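Build me a model from this:
(one chain, ligands or ions: 1)
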Amino acid sequence: MTSVWELANAQLRDLAVYEPGKPIEETARELGVDPGTIIKLASNENPLGPSTRALQAMHSALKTAHLYPDGSGFYLRNAIAAKLEVTPENIILGNGSNEVIEFLGHAFLNAGDDVITCQYAFIVYKLLATAFGLRTIETPSPNFQQDLDATLDAITSKTRIIFIPNPNNPTGTLISQSAIDRFMSRVPDKMIVVFDEAYFEFLDDPPDTLRFIRDERNVIVLRTFSKIHGLAGLRIGYAIAPPEITQVLHKTRQPFNVNSVAQAGAIAALDDDAHLRETKRVIDEGRAYLQERFADMHLQFVPAAANFVMVNVGDGCGVFQELLQRKIIVRPLQGYGLPEWVRISVGTMQENEKLIAALREVIRAR
Ligand SMILES: Cc1ncc(COP(=O)(O)O)c(C=O)c1O
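Numbering: from 1, shown residues only. Alright, predicted model coming up:
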């Protein structure tokens, strides 16, 4: 009998499937415990949950769930554009910003092209390139810091897309405005530069990349409602780009790619400044607490800019398993070539304290 692998695209044979943070329900089933007792610090979600205003809006939106959503996302694109001081034509919505990453592949990648990103970059860029049968050039990240000079050096005649996660996941490191400006003054305009800013709203002094879009450079900025806005389960994100680019991207998307409940929730979440401020306060306080405790425990960590911290625990998979037994889910980083490390999302202070107590126990017993 013919194996389906003889029919499937050859590049899929070696493509590793994306491994998300372990879900609460799966962990609860395996441990035979109530899901409510599990602490998940594995996927950089908002520990406070969605804003109450978003919840109310989503509840109302359910009444029209029998109707297809507004495929163009008119009201949400207008709301985002007003907030960012760009035009609605600059915005395209995705089923999570991950979907926009896929649009980029359909829009710009062809056989033989190269994609560039940094070492330890968010893994989805490489998965995309591999799914399209393309090579990903990963430039070295000394001290885990993205190096845009190395990115410029890596450009080939076949480079189509450069992915710059800022801050990067899982390292949590940030590229400065001056490094971005120097990079943008040198990068050739015949390729697409993508700034992935999933964690933008957690930054105290965020770099401005929208200026390149106002200047009509070939730049795409990715943002999401999954992180500070607390809507990861709804799957909604967006890109900001010059209108010519969003027009191209629109051709690659399904007609109703973003559901109506997510659109309603996102419009309300965008405006809920109190929830955003409170989330940032909790994350700032929790991140400082985790980093201080890691220092006390003599654990090496990478000073972080977003809502997670990468810490060297010696044996990432082993410590992940032992924390799991204590009903805490973190993220081992073996898949990123960092077997000694785990990534820990900042939780509520109570969750952070439980994590630190459990981690102390695990490390002491080793
Ligand atoms: C850097 C980065 N980009 C994009 C995403 C994807 O986010 P979304 O939920 O919008 O697909 C993540 C999620 O972890 C991320 O860390």
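
how long is stretch 204-223 end to end?
One end of stretch 204-223 sits 16 Å from the other (C-alpha to C-alpha, to the nearest Å).

What residues of that stretch count as buried?
Buried residues in stretch 204-223, counted by 16 or more other C-beta atoms under 10 Å: 206-207, 209-210, 212-213, 217-223. Where C-beta positions appear, they are placed from N, C-alpha and C, glycine not excepted.

Run the chain-centre distance for it.
Here stretch 204-223 shows a centroid-to-chain-centroid distance of 17 Å under the convention C-alpha atoms, centre = their mean, to the nearest Å.

List of residues touching that stretch?
With contacts defined as C-beta atoms under 8 Å, 6 or more residues apart in numbering, stretch 204-223 is touched by 84-86, 90, 97, 100-101, 104, 166, 174-177, 180, 184, 189-198, 200, 237-242, 244-245.

roughly how far apart are E26 and G335?
Counting by C-beta to C-beta, to the nearest Å, the separation of E26 from G335 is 18 Å.

what residues are up against whichever residue of the stretch 1-150 of the chain sits closest to the ligand?
Proximity of the stretch 1-150 of the chain to the ligand (C-beta to the nearest ligand atom) peaks at G96, 2.7 Å away. When the contact criterion is C-beta under 8 Å, 6+ apart, the partners of G96 are 224, 226, 235-237.

and those residues near the ligand, which?
224, 226, 237 (C-beta under 6 Å from any ligand atom).

coming back round to it: the buried residues of stretch 204-223: which two are farthest apart?
Distances among the buried residues of stretch 204-223 were taken as C-beta to C-beta; the most separated pair is P206 and N218, at 21.3 Å.

Close to the ligand: what parts of the stretch 101-250 of the chain are there?
Taking C-beta under 6 Å from any ligand atom, the part of the stretch 101-250 of the chain that reaches the ligand is made up of 122, 165, 169, 196, 198, 224, 226, 232, 237.

Pick out whichever of these sits closest to L323.
Comparing those against L323 with C-beta to C-beta places N169 closest, at 19.5 Å.

for this protein, which helix is longest?
Longest helix of the chain, by residue count under DSSP state H: helix 273-296.

export it as CSV, just CAs?
The C-alpha coordinates for helix 273-296 follow below in CSV (Å, rounded to 0.1, in the frame of the first residue of the first chain):
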residue,chain,number,x,y,z
ASP,A,273,-7.1,51.0,30.1
ALA,A,274,-7.7,50.1,33.8
HIS,A,275,-7.3,46.4,33.0
LEU,A,276,-4.2,47.0,31.0
ARG,A,277,-2.6,49.1,33.7
GLU,A,278,-3.4,46.6,36.4
THR,A,279,-2.0,43.7,34.3
LYS,A,280,1.2,45.6,33.7
ARG,A,281,1.5,46.4,37.4
VAL,A,282,1.1,42.8,38.4
ILE,A,283,3.6,41.7,35.7
ASP,A,284,6.2,44.3,36.7
GLU,A,285,5.9,43.3,40.3
GLY,A,286,5.9,39.6,39.6
ARG,A,287,8.8,39.7,37.2
ALA,A,288,11.0,41.6,39.7
TYR,A,289,10.0,39.1,42.4
LEU,A,290,10.9,36.1,40.3
GLN,A,291,14.2,37.6,39.2
GLU,A,292,15.2,38.5,42.8
ARG,A,293,14.3,34.9,44.0
PHE,A,294,16.3,33.4,41.1
ALA,A,295,19.3,35.5,42.0
ASP,A,296,18.9,34.4,45.7
